[in-house]
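Visitor: With the sequence up front, the predicted model follows.
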Amino acid sequence: MRFTAHWLILLLSLPLASLAKPAKDSARTAPDARQLYATHCAACHGPQRLGLSGPALLPENLKRLGRKRAPKVIAEGRPATQMQGFADKLDARQIAALVDYIFTPPKQRPEWGPDRIRASHVVYFPELVHGDAKSAKPVYSADPLNLFLVVEAGDHHVSVLDGDRLEPIYRFASRRALHGGPKYSSDGRFVYFASRDGWISKFDMYKLKTVAETRAGINTRNIAVSADDRYVLVGNYLPHTLVLLRADDLSLIKVIPVHDDFGNNSRVSAVYVAPPRESFIIALKDIPEIWEMFYSDHPPKVFNGAVHDYHMAEGLAEKGPFPIKRIHTDDILDDFFFDQGYTNLIGTARDDKKGQVFNLIVRRKIADLDLTGMPHLGSGISWKRNGHTVMATPNIAEPYVSVIDMDSWKTIKRIKTLGPGFFLRSHENSPYAWVDVFFGPHRDVMHVIDKQSLEIVKTLRPAPGKTSAHVEFTRDGRYALVSIWDMDGAIVVYDAKTLKEVKRIPMKKPVGKYNVYNKIHRSEGTSH
Ligand code: DHE
């Protein structure tokens, strides 16, 4: 190398200290955890660790993960989530510094109580809050019951798709990181969304306008809407609360702290509505209890001949209006599936007792299920086969779909797939169930299963190399819509009988799609 005048000027302009030791001495300088957090974590977990698309990274939210396992998760990521591994970007000391940082409580305890919820509440169109009955006509000519909402995670938008013409008719910006299925009012006029960072939005499907919004939590799981269209229940990871809102304008009714009789509090895994019971069912993440909140004004109810007295003081977690009953369980149960009558609840435990059936009338466990790996019951479906009702669930850890007889609760078949799957779907008018392969080298595959023979009859590869996932049918079951989870993605429409492609509608990472009719009729082939 030639020693030029430029090099001399550069050398003379450097401060003496910088000549004495290297500018960056990662062996001796302690890693700046705050800075590392801002660079690598804040985009998903929030600048103040309060959670955004990823969960909040605060000590109380990390109890289950534990300090010991945290470095592995940072290095290798977490299956079935968007958490990627950072081993290629961070060394062991930097990862250890980040673990210390996230297990240190913030100076101020994060809180999202009634005042903040009320302060966040906005009604954009007061005239649409009650449905504007006189002019209750859609602003488009499409069948409002055969619309689909498609959540496009790629750029945080929602598309409204006409299920007859198979064309989008409208597209609007949503809150960031919507999660879970949007929930329709019983007539399909309104729909409610929840974002991972707590925003609840109400959208008018006739006028194509966002009516109102409220931020109900810092890290929200999902919502459920009462079958009488009066209430929206929000389940939160942070704070550990349930938040009950009025369904008309999303104003706050009450915040319910979630804890057991001994003061141990819990995150809410998910909330569900059980229409025949006029109740919400609540899955808890940290305590072995299932909660049921009753929203009707006229207790007690009779279920299948059994009087269910929910005013019994025993086991009452919440008194007064919206009483909550606890069901004590041996294990912490997650991820629920219900039979069509909402008599039995099927949940997964995290230990080796994977699947358990709870009867909601006698309020106790009635069966264990032979499930291994990580069954994804939330994506379970049911249908009739040989005079029996069977349920089927994909598994996000193992490559098969389990089919279970709902009379004997025995597994009748494990259908081997090319990899673990996330979503399973069908329709009353279709002889097939569709399951994706969500993980592994065959993520671009979609299996079509005959619901009677329980054999895979076709394996589709709609976009080689790109993840294909999540199927939803048109209201008549004639077409099956598959998502290509890519920024340059699409909805691929298949003829549900011939299994031939009909058309492709470009979309930006279309995560899930939700047909109004199938949802409000609680089709046995889709989630509710
Ligand atoms: Fe989901 C629904 C839990 C990660 C996409 N997911 C649900 C529901 C639950 C749940 C309890 C039912 C709520 C409802 O519809 O009201 N999901 C979880 C998890 O615990 C998990 C594994 C970890 C987490 O980060 O929360 C998880 N989910 C994901 C993803 O990473 C997915 C694939 C991408 C994303 O957008 O976050 C994802 N989840 C979905 C979708 C639904 C869903 C598309 C609605 C399915 C439907 O058809 O109803």
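Guide: Cool, got the structure.

Visitor: Now do the longest helix belonging to the chain, average pLDDT.
Guide: In the chain, with assignment by DSSP state H, the single longest helix is helix 92-102. For helix 92-102, mean pLDDT rounds to 96.

Visitor: May I see the buried residues of it?
Guide: 94-99, 101-102 (16 or more other C-beta atoms under 10 Å). (Glycine included, C-beta is placed from N, CA and C.)

Visitor: what's the answer for stretch 487-495, then?
Guide: For stretch 487-495, burial by neighbour count (16+ other C-beta under 10 Å) applies to 489-494.

Visitor: Next, format the residues you listed as CSV and append pLDDT, secondary structure and distance to residue 141.
Guide: Formatted as CSV, the buried residues of stretch 487-495 follow (pLDDT from 0 to 100; DSSP: H, G, I helix; E, B strand; the rest coil; distance: C-beta to C-beta, whole Å):
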residue, pLDDT, secondary structure, distance to residue 141
489, 96, strand, 28
490, 98, strand, 25
491, 98, strand, 21
492, 98, strand, 25
493, 98, strand, 20
494, 98, strand, 25
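
Visitor: does residue 238 really touch residue 109, like I thought?
Guide: No. With contact defined as C-beta atoms under 8 Å, residue 238 does not count as touching residue 109 (10.9 Å).

Visitor: More neighbours: which of those two?
Guide: Taking other C-beta atoms under 10 Å, residue 238 and residue 109 do not tie; residue 238 has more neighbours (25 against 9).

Visitor: so who does that one touch?
Guide: Contacts of residue 238 were listed using C-beta atoms under 8 Å, 6 or more residues apart in numbering, and they are 50-51, 55-56, 58, 61, 110, 112, 217-219, 267.

Visitor: Go again with 10 Å.
Guide: Shown in contact with residue 238 (C-beta atoms under 10 Å, 6 or more residues apart in numbering): 49-51, 55-56, 58, 60-61, 110-112, 197-198, 217-221, 267-268.

Visitor: re earlier: list the contacts of the longest helix of the chain.
Guide: 26-27, 29-37, 40-41, 45, 49, 56-59, 61-62, 65, 67-75, 86-87, 89-91.

Visitor: Model confidence score at residue 303, please.
Guide: Value for residue 303, per-residue pLDDT: 50.

Visitor: cool, the one 4 residues further on as well?
Guide: According to the model's per-residue confidence, residue 307 sits at a pLDDT of 42.

Visitor: go on, residue 199?
Guide: Residue 199 is given a pLDDT of 93.

Visitor: what bridges to it?
Guide: residue 215 (DSSP bridges).

Visitor: Residue 212 is in contact with that one, correct?
Guide: No. Between residue 199 and residue 212 there is no contact under C-beta atoms under 10 Å: 11.1 Å.

Visitor: still on that earlier bit, how far off centre is the longest helix of the chain?
Guide: Its chain's C-alpha centre and that of helix 92-102 lie 29 Å apart, by C-alpha atoms, centre = their mean, to the nearest Å.

Visitor: quick one: terminal-to-terminal distance for stretch 425-437?
Guide: For stretch 425-437, the first-to-last residue distance is 13 Å (C-alpha to C-alpha, to the nearest Å).

Visitor: does any part of it sit near the ligand?
Guide: No. Using C-beta under 6 Å from any ligand atom, we find that stretch 425-437 stays clear of the ligand, coming within 7.5 Å at best.

Visitor: Bridge partners for the closest residue to residue 166 other than its chain neighbours, pull those for me.
Guide: Of all residues not flanking residue 166 in the chain, residue 493 sits nearest, at 5.5 Å (C-beta to C-beta, 6 or more residues apart in numbering). Counting by DSSP bridges, residue 493 is bridged to residue 481, residue 503.

Visitor: my guess is residue 493 contacts residue 479, does it?
Guide: Yes. Residue 493 lies in contact with residue 479 (C-beta under 10 Å); the separation is 5.3 Å.

Visitor: Give the residues shared as contacts by those two.
Guide: By C-beta under 10 Å, 6+ apart, the residues touching both residue 493 and residue 479 are 163, 166, 502-503.

Visitor: show me what contacts the residue lying closest to residue 525 once chain neighbours are set aside?
Guide: Once flanking residues are discounted, residue 525 sits nearest to residue 426: 3.5 Å by C-beta to C-beta, 6+ apart. Contacts for residue 426 were tallied using C-beta under 10 Å, 6+ apart; they are 381-383, 392, 432-435, 448-449, 451, 471, 473, 477, 480, 496, 523-526.

Visitor: which residues sit in contact with the residue nearest the centre of the chain?
Guide: Nearest to the geometric centre of the chain sits residue 180, at 3.4 Å (C-alpha atoms, centre = their mean). Listed by C-beta under 10 Å, 6+ apart, the contact partners of residue 180 are 151, 193-196, 220-224, 235, 270-271, 378, 512, 527.

Visitor: what residues are up against the residue in the stretch 301-450 of the chain that the ligand sits nearest to?
Guide: Across the stretch 301-450 of the chain, the shortest distance to the ligand (C-beta to the nearest ligand atom) belongs to residue 378, at 4.6 Å. By C-beta under 10 Å, 6+ apart, the contact set of residue 378 is 180-181, 222, 269-270, 272, 283, 334-337, 348, 393-394, 422-423, 527.

Visitor: what subset of the residues you listed is also close to the ligand?
Guide: Applying C-beta under 6 Å from any ligand atom to the contacts of residue 378, one finds that 180-181, 222, 270, 422, 527 fall near the ligand.

Visitor: Looking at these, which are in strands?
Guide: 222, 270 (DSSP state E).

Visitor: List the buried residues in stretch 284-299.
Guide: Buried-residue list, stretch 284-299, by 16+ other C-beta under 10 Å: 284-287, 289-296.

Visitor: ugh, typo on my part, it should be stretch 516-528
Guide: 516-521, 523-528.

Visitor: Pull the number of nearby residues for whichever residue of the stretch 251-400 of the chain sits closest to the ligand.
Guide: At 3.6 Å from the ligand, residue 270 is the closest residue in the stretch 251-400 of the chain, using C-beta to the nearest ligand atom. The criterion is other C-beta under 10 Å. On that basis, residue 270 has 19 neighbouring residues.

Visitor: so it makes contact with residue 242?
Guide: No. Between residue 270 and residue 242 there is no contact under C-beta under 10 Å: 11.2 Å.

Visitor: what do those two both touch?
Guide: 235, 282, 284.

Visitor: Quick check, the second one in contact with residue 292.
Guide: Translated: residue 282. Yes. Counting by C-beta under 10 Å, residue 282 touches residue 292, with 7.2 Å between them.

Visitor: these two touch, right, residue 198 and residue 178?
Guide: No. The pair residue 198 and residue 178 does not pass the contact test of C-beta under 10 Å, sitting 11.6 Å apart.

Visitor: out of these two, which sits in the busier spot?
Guide: Remark: of residue 198 and residue 178, residue 198 carries more neighbours, 28 against 24, as counted by other C-beta under 10 Å.

Visitor: residues in contact with that one?
Guide: Per C-beta under 10 Å, 6+ apart, neighbours of residue 198: 50-52, 112, 116-117, 120, 175, 214-221, 234, 236-239, 243.

Visitor: For those residues, which ChimeraX command selects only the ones that are buried?
Guide: Typed into ChimeraX, the line below selects the buried ones among the contacts of residue 198, using 16+ other C-beta under 10 Å:
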select :50,51,52,112,117,120,175,214,215,216,217,218,219,220,221,234,236,237,238,239,243
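
Visitor: How about the residues of this structure by the ligand?
Guide: So the chain meets the ligand at 80-82, 153, 179-181, 222, 270, 378, 422, 470, 511-512, 527 (C-beta under 6 Å from any ligand atom).

Visitor: Where neighbours are concerned, which of these has the most?
Guide: residue 470 (26 neighbours).

Visitor: re earlier: which of the shared contacts of residue 270 and residue 242 fall within strands?
Guide: Those of those lying in strands (DSSP E): 235, 282, 284.

Visitor: ok, now how distant is the nearest residue to the last one once chain neighbours are set aside from residue 213?
Guide: With sequence-adjacent residues excluded and distances taken as C-beta to C-beta, 6+ apart, residue 284 is closest to residue 266, at 4.5 Å. When C-beta to C-beta, to the nearest Å is the yardstick, residue 266 and residue 213 sit 27 Å from each other.
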